[in-house]
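Chemist: show me how the following folds:
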Amino acid sequence: MHLPQPGDYIDIHVHGGTPAAGIFILESLMAHEEKLPHDASGVSYTYGIHPWFLNEANHNQLIISVENSVNQPGIIAIGEAGFDRIRGPSIELQRLAFEEQIIISEETRKPVVIHCVRAWDELLSVQKRRKPKMPWLVHGFRGNVELASQLLSKGMYLSFWFDFILRPESRDLLRHLPVNRIFLETDGAEANIRTIYDKVAADLNLSVADLKSVILKNFNAFFGLPAPFI
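Modeler: Predicted coordinates for the structure are as follows:
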């Protein structure tokens, strides 16, 4: 398992990324692609069923793929998994696949990276019913303070949609949130994680070095790593 080092930028959610000097990435592998991790410094992986690519015909095979792949070296979390009311199969099938992945997360003691679009009630309902011990991270967040506070109150972490977090209006949200529950990401887009850190550090009145330290601590807390890594 590769881990970020002190001073690294951490890009917590990437598709098809390539690690670079000083940047640690967590790449999202999707079960329908049947792509497995490769051993490279500066990168670890999540593995899961994205709701966009789930359907009745492939559901069982995708769950088997997650079960068979999740213990591959380098895979440190489940996901991205979750709900999408804009694109994907029925919410009932999405809920089934999500809960199956939550069971795998709890059994393997690996946290979950979540995709959720306009389905917060469904997400919170599963969280209430399952009472997971492993932490959840909602990626691509672009909601308001009230929604963020509700998710944080349930023990979740938030990573922000790269385009949203670069806008001036995101500053007020950032300043209302505890810094020990946030992450930053590019989601595989043509965005620069350094630029995102610069903007967020300025919004929080932190140096970039201090923000890196905060997010490294968050990474270690999310993945249950011991204090010497902080």
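Chemist: what about the residue of the chain most remote from its centre, which SS state?
Modeler: Relative to the centre of the chain, the most outlying C-alpha is that of A57, 26.6 Å out, by Cα atoms, centre = their mean. State at A57, reduced to three classes by DSSP: H, G, I helix; E, B strand; the rest coil: coil.
Chemist: in the biggest helix by length in the chain, what counts as buried?
Modeler: Scanning the chain for the longest helix, with DSSP state H as the assignment, gives helix 91-108. By neighbour count with 16 or more other Cβ atoms under 10 Å, helix 91-108 contains the buried residues 91, 94-95, 97-98, 100-102, 104-106, 108. From N, CA and C alone the C-beta is placed, and that goes for glycine too.
Chemist: which strands and helices lie in contact with it?
Modeler: Taking 3 or more Cβ pairs under 8 Å, 6 or more residues apart in numbering; DSSP states H and E as the contact definition, the neighbouring helices and strands of helix 91-108 are helix 59-69, strand 75-84, strand 112-117, helix 120-130.
Chemist: average pLDDT for the first one, rounded please.
Modeler: In this model, helix 59-69 has an average pLDDT of 97.
Chemist: now swap in the second one and tell me
Modeler: When pLDDT is averaged along strand 75-84, the result is 97.
Chemist: other SSEs contacting it?
Modeler: For strand 75-84, the contact count by 3+ Cβ pairs under 8 Å, 6+ apart identifies strand 23-30, strand 43-48, helix 91-108, strand 112-117, helix 120-130, strand 136-141 as packing neighbours.
Chemist: tabulate the ones you listed (CSV), appending distance to L158 and mean pLDDT.
Modeler: Formatted as CSV, the helices and strands packed on strand 75-84 follow (distance: least, Cβ to Cβ, whole Å; pLDDT from 0 to 100):
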stretch, distance to L158, mean pLDDT
strand 23-30, 15, 96
strand 43-48, 16, 96
helix 91-108, 18, 98
strand 112-117, 10, 98
helix 120-130, 13, 97
strand 136-141, 5, 98
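Chemist: including distance to V179, could the ones you listed go into TSV?
Modeler: TSV is the format used below for these (distance: least, Cβ to Cβ, whole Å):
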stretch	distance to V179
strand 23-30	19
strand 43-48	23
helix 91-108	25
strand 112-117	20
helix 120-130	23
strand 136-141	15
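Chemist: show me the one of the ones you listed that comes nearest L216.
Modeler: Taking Cβ to Cβ, strand 23-30 is the member of these nearest to L216, at 9.0 Å.
Chemist: on that earlier part again, report the backbone C-alpha coordinates of the longest helix of the chain in CSV.
Modeler: As requested, the backbone C-alpha atoms of helix 91-108 are provided in CSV (Å, rounded to 0.1, in the frame of the first residue of the first chain):
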residue,chain,number,x,y,z
ILE,A,91,-33.2,3.7,-6.9
GLU,A,92,-34.2,0.3,-5.6
LEU,A,93,-31.4,-1.4,-7.5
GLN,A,94,-28.9,1.4,-6.6
ARG,A,95,-29.8,0.9,-2.9
LEU,A,96,-29.3,-2.9,-3.1
ALA,A,97,-25.9,-2.5,-4.7
PHE,A,98,-24.9,0.2,-2.3
GLU,A,99,-25.9,-1.8,0.8
GLU,A,100,-24.0,-4.8,-0.6
GLN,A,101,-20.9,-2.7,-0.9
ILE,A,102,-21.4,-1.4,2.6
ILE,A,103,-21.4,-5.0,3.9
ILE,A,104,-18.1,-5.6,2.0
SER,A,105,-16.7,-2.4,3.5
GLU,A,106,-17.5,-3.5,7.0
GLU,A,107,-16.2,-7.0,6.4
THR,A,108,-12.9,-5.8,5.0
